[in-house]
Structures are given as C-alpha cells and as structure tokens.
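> have a look at this prediction, sequence included:
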Amino acid sequence: MLGLDKRDTKFLWIVIFLTLATPVLLQPFPEGSALAQFNAGYPDLMQRFAIFGIFAIGFNILFGLTGYLSFGHAAFLGIGSYSVVWMYKLLDYNVIWGLPLAVIMSGIFALGIGYISLRRSGIYFSILTLAFAQMSFALAYSVLTPLTNGETGLQVYTSDKQILMGATEPNSPHFFGIVMRDNFWQPNIGGWQFTFNNGYYFCAIIAIIAFYISMRIFRSPFGMMLRAVKSNQQRMSYTGLSPRPYTLAAFVISGMYAGLAGGLLASMDPLAGAERMQWTASGEVVLMTILGGAGTLLGPVLGAGFIKYFENIFSKINDNVLHGWFSFLPDGLEDFVVAVIHPFVGKGWHLTLGLLFMAVVIFLPGGLVELGQRIGRLFSRKAAEDETTADVKPAE
Amino acid sequence: MDAILLQILNGLDKGSAYALIALGLTLIFGTLGVVNFAHGALFMIGAFCSVTMQRILTISKVTIDDTKTDFLGNPLKVETPYAVDWFGPDLGSAIIDWSVPLAILLAIPVMIAIGFAMERGLIKHFYKRPHADQILVTFGLAIVLQEIIKYFYGANPIPTPAPAHFTGSFDFGVWLGFEPNAIIYPLWRLVYFIFSLIIIGAVFAFLQLTTFGMVVRAGMADRETVGLLGININKRFTIMFGIAAAVAGLAGVMYAPINSPNYHMGMDFLVLSFVVVVVGGMGSLSGAVLAGFLLGILESFASMNEIKSLIPGIDQIIIYLIAIVILLTRPRGLMGRKGVMEE
Amino acid sequence: MGILEVKGVNKRFGGLQALGNVNLSIQENTVHAIIGPNGAGKSTLLNVLVGKLIPDTGSVMFDGQSVLGRKPHEINQMGISRVFQTPEIFGDLNVMENVLIPCFAKRDGSFRMHAFESVPNEKDLIEKAEQMLIDVKMIDKRKMHAASMSRGDKRRLEMAMCLVQEPRLLLLDEPTAGMARADTNNTIDLLKEIKAKRDITMAIIEHDMHVVFSLAERITVLAQGTPLVEDSPENIKGHPKVQEAYLGQAHG
C-alpha cells in the first residue's frame, strides 16, 4: 500500500494506531490515583511529542542517513515559528497560511546554509552549522528586532492588521475554524479522564504524514545514496555519483521538517521567541535522535517522546512526592533515599538527561531501538531455549 | 587613535579567556585527537573554584556578644570568619579580600584531578571512535558538569570581587601621553591579561624546553612513530589532558571578578572558543593564542558605535562570520599545518 | 588512436619530478599493464588519469575528450571505473545494495532526486545487479553486510561494482596487493573470466610480475617518472633496459 512493502505497511499502520490512540494510551492511571502524575495524556505534552517527533524525524534524515552532525537545526525551528506568527499578524489566525510558509522559508534558509556548510565535513561541518545558528540567534535578538520582536518574542497584538480576519473567526490559532486549543471530546470513563484535543490531532496527522514521507525516503534509491554518503564518499564519487547534491537535498529536507515543527509550535501557542534558535535547542534534537537510535525509522520519534515525557514528569517530582513513595521505609532510611534521588529529579532533570545521554553514547550507540532489539533477542533466545528444553524433557 | 587603543585593550580580556580555553582545546585535539565539548565546563568549574575559595575563607565562627543586642533584644550573634580569628583582623581580612588569586592554589590540584579523571574514566575510551561520538559524549558530560554545579551553587550568578587593590582603573591615556580619562582600563582586566600571558608563556616554555614537552610535540606531529620508539605516549597524553584542564580552570578562576560565575558560562565560552580553535587552526597552539586575541579584539572593535551604525548587528556575529570565511577559504586555519583535518 | 591517450604529461611535487614527459596510448579491448619500481610514478600517473591530480603540462584524452580538471564522478560517468589498492566499498550497506548503487549511477547520472521511488520496484536494475553477483559468484552473499566480509570477497565485490557499470576503461591499482598467493590466483582468474566474457579495456598498475605476465597484452615500464619502453609481454621479459631498471634492481 502507498508504495510500501507489506512489512512497512504493517509498521505504518501500527504507528498510525499508536499515534491516534495516544490520548488513551498515555493515560493509563485513573484520575486521583497516586500514579496519575505519570499520565501524559494531556494536550500540551502530547502536542510536544508530535512536534518534536517531526523535528527529530527530519533531523534523522540528515544525521541518521548521511552522518553529517548539524548543531544548528534549531535555527530552522525558529524560522518556522516566526513565519507562522507573522501570518497571524498579517492575515489571520488560520494556520493554513503560516505552515506552508514555515516550510518554504526554512527550506530556503537551509538551502543557503547547507550550500556553504556542506563544503566541509566532520567536525568542521558541525561548527559551521553551529556558527550559522548562533548568528541567527544573535541577530534575532538584536538587529532583527523589527522582525522578531527581540527578547519579548513575536506575538499578535490587537493593533495588528489581520486583513483576512472575519468577524466570527476564532481569536486563537485554528484550522478552518477548528480551534487548536479546544478539546472535541473529554470523556470520563470509570475514573479515567481522557482528553481529545484538536491541536493534538492536527499535529498527529501531520506527524504521521511526516513519518510516512521519511519512510519513503528511507526505502528509496535516494535514501540508499544517503547511506552511501555516510559509508564511503570516495567510492561514491568514483562510482560516478556526486555526494554534495545528495547531502544538500537531505539538509534541505531536514531543514524543512524543522521549519514545520517550529511552525506547529507556533500553531499550538501563538508565540515565537529567539531562544528557540539557541544551540542548546539544536543540542536537544541531537539528543533525541541519538537516544532513540540514529538512522532508524522509529528511533527519533521514541527519543523525542522519551525526552519530552521525562522532562515533564521528572521535573514535577519533588521531595514531597518522593517522601510519599518511600514512606514505607524507616524514617532515617527514607530521608537518605530521598536525599540520594533528589538531585536527579525536579529541577535536576537535566542532570539525569546528561547522564542518560552519556550512557547511551558509551554503551548503546544504537539508542533505545537497539535496546529494544537486544531485549527482543534475549527473549526469543530464551523462548527458543525453552522450546529445546521442552523437547529434551518429555512429559513425565 | 585613543579610541582604537581603547578597543584593543577592551578586546584583550575576552581575548585572553578565548586564548586560554582554545589553547587547552587545541592541545587536547592535537595530542589526543579528541574534540572536547566539555572544555567550557572546565572553565566554568575554574570560576567556581573562586567562589568556593571565597566561601571557605569566609566560614565563620559564631560568638555571642553579650554587650550588644540585636533588634529583637536578644544577645547579638557575631560572625567572625575563622581567617580573621586566626590571623588577626588585618591579615585575616586581607586573606579574604585576596580569595580569587588564592583560589589558584585550590584550582590547580582540583583541575588536574578532574582532568585526569575525565581522561582515564571517559575520554580514553573514545580515541578510536568517530569525532561525532566524541562530540556527543563530551556534550553529555558538559551537561552533567554544569548541572552538578547548578545543584550546589544555584542558578544565579555569584558575584566574586577582585582584591580591593585591583578594583580601580588604570588611566592608560596619561601613561601614553593622551588626555586624562581618554583610555581608562579596569585594573583587574589588566591583571587578567598579564596572568594569561604568563600561563600561555608557561605552557609554551613547558612544551619547548622540557623533554616531556618535546615528546608531546613529537606525538602531536606523528603519534604512531613516537609510539614505535617505545615511549609511553599515552601516559604523557593523560598528563597533557590534566594540564589543559588546569589551563582552562585557571582562566576561569581569574575571570570570576570580570563576569560573575554562573553555571552556563562554560557553554557560552565553549562555542566561541571552538570557533577560535578553528580559526587558529586545529592542533596549532600558536594559532589558538593568536586567533583568541585577534577575535577578542575584533569583537571589541565591532561593538564600537561607529561600526555598529555602519553595519547593524555586526558586533553579535563578527566572530561567526570570520569563522565561516576562514573555514571556507582556508580550512586549516590561520596557523594550522597543511593536511591536518582539511577535509 | 587508443581509447586513452596521454601526451607530454609532466607533474612536479616541489623539487621532485614525479612524472616527466609521459606519453602513453592504451588501445581499446586490451589489458595494458603499467609496471615500474617503487617511486617510478605509477600512482601519480593513475591519480592523473582519474582526475585526482592535475598535471602541470600535457593532455589526457579519453575517447577524444579531455579528462583534465574534471571531478572523479564526471570521469567515471565518461566510462572510467577504478579499483583501489585496498578495496573501497560501502561497508555499512549490504552486498546487493553495493552493486545496485553503481547501477543507479549508470542509469541516472551523477545526481537524481528519486526520493519517492522504491528500490524494490527497480526490477531491471535488480536483475542486472543479481546477474553481476552471479558472474562473480557472490549471489549467495547478497544480503551480507559488506564490511564483515573477507578481504578477498571485498575485492571481488569492488570489481563487481565497477563492472556492473560496463565501463569502457577499468583502472586497477595493484589489485592483488597484500593478498595471499591463492587469493591472487583467484583474482587473476576472475579478471581473465571478465575479459573473456565482455569487451573491456583494462589498465593495471601492478608490482607482482606473476599477475602482470598472466594478464597483460601490452606492458609499459615506468622508471623515474618516464616510460622506458612499451611492448608485448614476451619482448618486455627479455628487454635489457627493463632488466636494468626494474628486474635487475628487484632481484639485485
């Protein structure tokens, strides 16, 4: 189906199912229970899963396939956000104008930056992209203030023209009247509270399309060429292929994905700030991709979800929560355990993230996907062993 | 003329910091072939050595002065730093006042120890891995280090004053025959510049004049051959890593009064220092120093109002712009050896 | 008029004259070996032929067109393929993909944005690649990760990757360097088979006299950057100048 073979089609269906069922799947604990804080089925967080999933999927097309490590992709995220907010200011709150512009603008910038940066490879490429992103960040903060509104961030003011704005039109981002922040269904089923949010489903559908496109690219001759770039550029050029247009195309595509993600961020919350372009944001998408598994289809999505989930959940765990968990321990021990865990949760979430990231680079270069495969292999081997032992031991 | 001189002077202190960090970065790259994204964190830890020293020296003994009362009517609690208690009011407060320079004594062993631990515990395992992996793992380490500092010292910048002797300014203009107040330069920045020259000189002297340094330089030029000569180059490289860490740390210690230490200052400096290394030439020590000062001074020139009005925003991007131009036209950098990382 | 004409090529590296007035003509459908002692300029000459080095003076014409100043991928698209001293393959990809990539390069040119096509749908190219793998007896290894193969297999794969492009000129840079005798003989047999099956011109740069004399139809002897003689293998064997410059030295 859709130009995919059987296995990939099945895979895609699973991804579609999981994405659409997210509001239910991420809400496994009933409201009011002690574990309810681990629920992630609320709109703001789910939107982030989808948006950063798109960002990471795009980044993976560049880094995962060609091996070129860009440290400046956040610039495109910012460009996407600014494009969308500008369309709000000039036309109206319908995201249909902003999102295509976000993709086009980030594509144009990616073409320019990529054309120059790809003249070098390895660490020099990383530093060039980093330099470009930092430049964009610095300019957005200072000289480009008329375009970016500097430190305050770009937002819609009542004085803005909004020439297409109708009288009955919603006063927040919407897609032909479907208001992003509204929930279309909020059932409460036996203590379980589910939230079905317009914005999430809008992002989710775009994320599925983005995933599908990346899947096609992975399976295409173009994707094979990108892997060839990573593997051996010398052989590639002696095979009559010019590596640079391939890498440039990958760079532009991943830049457009980043722009789309940035545009969606502004579609959920009509704001765009320069800090979105800072290099720590570029570092974040690198973390997501590596953590999930660079070069795999699903890895970046898993990584994005993992990081965003734990960022939200971990940072909510404070000492009271910890004391609640370990109240079964004797007092002295309880205090000790809480004191040990304390630096890693709450505000210390980044410490956990840094340690986790180091551990992944050191022990698990394939990321979560590799972990899954290893565990899978372990089980299948066990299962196989069980079968053989079952064979040797006849029924008694 | 005096305006130009002033800008050159203004560029020197930042340039010194760039040069010192870049020196360590390029030393590590040249000897170990490792791209260390955690080097900025070492600079930051150095700056927090100053903070720590200040805190240690002001640890106080609490005594109760029965003759006075506080505003609630209770006997007044008087905090006397142990330093004052032990050494008397004059020497004691002088010691506290000099906590930043004294922090050097603390920083050297601490930084060398951290450097050794980093190299033996982590970097060693990444010699044979691709540069991308090295960048990634040291990036993770940088996050960890900065979060640890944040945990202990909080997220806000901590003012760490220089000794009172150096808080004033020095009127360069008078000295050079210009009008008074034409070129005024804070004394501590002058100290920082001279200090960094001493450190740079010491590193170069160490590499040029000692046999240890000779072996390391030979190793930078051709690691395999040196290894074949039966010299244990790895042990020396570990020591080199410790030295590079100490250089970055010392740069941080003395920088504390210029810019109140905060946990993310390392990252801020790292990006720029990397640019400095690239402009100077990967693995070139003199290139790093030259480019450090050069970029510091250019940055200061670009922030002149005359230039900013000509090209708006140039002060924000000049360093990156130069890096891009250099990378595209002369990828080995200003002083890089031919063939080193040119691809 | 040969398929490859090298005329008056000079190349200096600082004070060293690497190539001095090299004239060479490789005839279509022959196996032409270029031999010479170490430092004779064989590798420099090869790098000139594939566009990696640009000579100071002189011309290199392939089929009437100059190759000078062209990029390696352009020269390959003209019909020149190269086998390296240490096999250069796509180690992260499997054997089948390794052979498919040159098929795409041959059909689509140096760049094509086929991001929405699917590899399994390219039946013609897959068939072609499979046939090639059968020819080099590697069809059973088609799913294998290329980097995990033995050196001999990598060499075989590299040749398959070059041959599947149906090049008009195949350049081989010491194809048996560092190989055991058995592997060397296998390689010779493979090359002989290839030559028997199709019209192809080969230029071999080689150290191993056994390889040279089993394959070559013409031999050029290079010494100190200049061609000493060019003749048939029989005549080269007894040539006094060659004995002096090369064999004498090698055995002496």
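It's in.

> part of a strand, is residue B:79?
Yes: assessed by DSSP: H, G, I helix; E, B strand; the rest coil, residue B:79 belongs to a strand.

> for the chain, which segments count as strands?
Picking chain A for this. A:154-155, A:174-175, A:178-179, A:183-185, A:188-189, A:192-193, A:196-197, A:271-272 (DSSP state E).

> wait, I meant chain C there
Going by DSSP E, chain C shows strands at C:4-13, C:16-26, C:31-35, C:57-62, C:65-66, C:80-83, C:169-173, C:201-205, C:218-223, C:226-231.

> ranking the ones you listed by burial, who's on top?
Ranked by mean neighbour count under mean count of other Cβ atoms under 10 Å in any protein chain shown, those are led by strand C:80-83, which reaches a mean of 26. For every residue, glycine as well, the C-beta is placed using N, CA and C.

> contact partners of that strand?
Residues outside strand C:80-83 that contact it (Cβ atoms under 8 Å, 6 or more residues apart in numbering or on different chains): A:238-239, C:46, C:49-50, C:62, C:67, C:76, C:155, C:158-159, C:162-163, C:165, C:167-173, C:175.

> returning to that earlier point: JSON lines for the strands of chain A, including distance to chain B, mean pLDDT and mean neighbour count?
Formatted as JSON lines, the strands of chain A follow (distance: least, Cβ to the nearest Cβ, whole Å; pLDDT from 0 to 100; neighbours: other Cβ atoms under 10 Å in any protein chain shown):
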{"stretch": "strand A:154-155", "distance to chain B": "17", "mean pLDDT": "90", "mean neighbour count": "20"}
{"stretch": "strand A:174-175", "distance to chain B": "35", "mean pLDDT": "92", "mean neighbour count": "19"}
{"stretch": "strand A:178-179", "distance to chain B": "37", "mean pLDDT": "90", "mean neighbour count": "16"}
{"stretch": "strand A:183-185", "distance to chain B": "35", "mean pLDDT": "88", "mean neighbour count": "12"}
{"stretch": "strand A:188-189", "distance to chain B": "39", "mean pLDDT": "85", "mean neighbour count": "10"}
{"stretch": "strand A:192-193", "distance to chain B": "34", "mean pLDDT": "85", "mean neighbour count": "16"}
{"stretch": "strand A:196-197", "distance to chain B": "32", "mean pLDDT": "92", "mean neighbour count": "20"}
{"stretch": "strand A:271-272", "distance to chain B": "19", "mean pLDDT": "90", "mean neighbour count": "22"}
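
> may I see these organised as JSON lines, with distance to residue C:97 added?
Formatted as JSON lines, the strands of chain A follow (distance: least, Cβ to Cβ, whole Å):
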{"stretch": "strand A:154-155", "distance to residue C:97": "46"}
{"stretch": "strand A:174-175", "distance to residue C:97": "41"}
{"stretch": "strand A:178-179", "distance to residue C:97": "44"}
{"stretch": "strand A:183-185", "distance to residue C:97": "46"}
{"stretch": "strand A:188-189", "distance to residue C:97": "49"}
{"stretch": "strand A:192-193", "distance to residue C:97": "48"}
{"stretch": "strand A:196-197", "distance to residue C:97": "43"}
{"stretch": "strand A:271-272", "distance to residue C:97": "42"}
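
> quick one: which of those is nearest chain C?
When those are compared by Cβ to the nearest Cβ, strand A:174-175 sits nearest chain C, at 25.9 Å.

> what's the helix or strand for the most centrally placed residue in chain B?
For chain B, residue B:251 is the residue whose C-alpha lies nearest the centre (Cα atoms, centre = their mean; 2.8 Å). Residue B:251 is part of helix B:233-255 when elements are defined by DSSP states H and E.

> next secondary structure after that helix?
Following helix B:233-255 toward the C-terminus (DSSP H and E): helix B:265-280.

> would you mark the buried spots in that following helix?
Buried residues in helix B:265-280, counting neighbours by 16 or more other Cβ atoms under 10 Å in any protein chain shown, are found at B:265-267, B:269-280.

> who in the stretch 251-396 of chain A is up against chain C?
By Cβ under 8 Å from any Cβ of the partner chain, the residues of the stretch 251-396 of chain A that approach chain C are residue A:253.

> go on, the stretch 101-250 of chain B?
So the stretch 101-250 of chain B never meets chain C (Cβ under 8 Å from any Cβ).

> that concludes my questions; thank you for your assistance.
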